[in-house]
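K.L.:
model this:
(one chain, ligands or ions: 1)
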Amino acid sequence: MAKKLQYFNINGLGESIRYMLHYGGHKFEDIRYELKDWPIQSVKDSLPYGQLPLYEEGGKTLNQSLAIARYVASQSQLLPSDLWQQAVLDAVVHNIYDFWNKNKIAEYLRGDAETKAALKKQTFEEHIPFYFSRFEKELKANKGYFAGKLTWADFILVGLIETANLFYGEHIESNYPTIASLVKTVQNLPKVKEYIATRNPYIFK
Ligand SMILES: N[C@@H](CCC(=O)N[C@@H](CS)C(=O)NCC(=O)O)C(=O)O
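P.N.:
Residues are numbered from 1 along each chain as shown. Got it, this is the predicted structure:
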């Protein structure tokens, strides 16, 4: 069944999905658009809500990064079968996205120097301590993963940390040893590591 993922040529909301597709050994068409060319109107008009990522499989399409990630996780042994555990992990990924959205990344990226400095200060002084202390605690209590073993929630956190690090030019996880170790664990999973080694470095301009 042909699989395709359309996203930008950056990590963002797409990289954890790419990691899980590689981890699961799935062949897929990794379609990427350059940010500087966006909007490509014909592509934008073809998207159900005008936004990326978009996943395709067997002629069907799915939007919303978390819906795609959860589906790909289910195909890559990264979604536990227990319904309570699934719900707990749904809560975890929404907590991670809450952290992400609090940082107002879009506003930060297009802001002037003053706006950037104010938003970055808030991210580093409020949002990272609030969320990362909680993520650290949950990971510590569960053998270094959100659910006691590797699941899609771990990939979601790592994908967004890598993106934040690209945008801020810093390692936002550095004061949180269990989170930092999870980042390394995911990056060193054999098929993920292989993919990282072949991928071109992301540049954000
Ligand atoms: N809630 C959506 C958000 C998707 C989203 O914000 N996509 C952005 C890139 S990260 C986009 O397509 N921006 C270009 C545009 O809106 O034209 C998801 O999680 O997939």
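
K.L.:
residue 105 contacts residue 160, correct?
P.N.:
No. Using Cβ atoms under 8 Å, residue 105 is not in contact with residue 160, being 9.6 Å away. For the C-beta atoms, the positions are set from N, CA and C on the backbone; glycine is no exception.

K.L.:
between these two, tell me which one has more neighbours.
P.N.:
Using other Cβ atoms under 10 Å as the criterion, residue 105 and residue 160 rank with residue 160 on top: 23 against 18.

K.L.:
so who does the more buried one touch?
P.N.:
Neighbouring residues of residue 160 by Cβ atoms under 8 Å, 6 or more residues apart in numbering: 16, 96-97, 99-100.

K.L.:
which strand or helix spans the spatially most central residue of the chain?
P.N.:
Centroid-nearest residue in the chain, with Cα atoms, centre = their mean: residue 159, separated by 3.3 Å. Assessed by DSSP states H and E, residue 159 sits inside helix 152-168.

K.L.:
distance from that helix to the middle of the chain?
P.N.:
5 Å (Cα atoms, centre = their mean, to the nearest Å).

K.L.:
ok, stretch 12-24 next?
P.N.:
Relative to its chain's centre, stretch 12-24 lies at 8 Å (Cα atoms, centre = their mean).

K.L.:
let me see the mean pLDDT of that stretch.
P.N.:
The predicted model assigns stretch 12-24 a mean pLDDT of 98.

K.L.:
and the residue nearest to residue 79 when sequence neighbours are not counted, what's its pLDDT?
P.N.:
Spatial nearest neighbour of residue 79, chain neighbours left out: residue 73 (4.4 Å); criterion: Cβ to Cβ, 6 or more residues apart in numbering. We have a pLDDT of 98 for residue 73.

K.L.:
just the one 5 residues further on next, same as before
P.N.:
What the model reports as pLDDT for residue 78 is 98.

K.L.:
please apply the same query to residue 41.
P.N.:
Residue 41 carries a pLDDT value of 98.

K.L.:
with residue 37 instead?
P.N.:
96.

K.L.:
re earlier: skipping adjacent residues, who's closest to the residue nearest to the centre of the chain in space?
P.N.:
Leaving out its chain neighbours, the residue that sits closest to residue 159 by Cβ to Cβ, 6+ apart is residue 16, at 3.1 Å.

K.L.:
state the helix or strand in which that neighbour lies.
P.N.:
helix 15-23.
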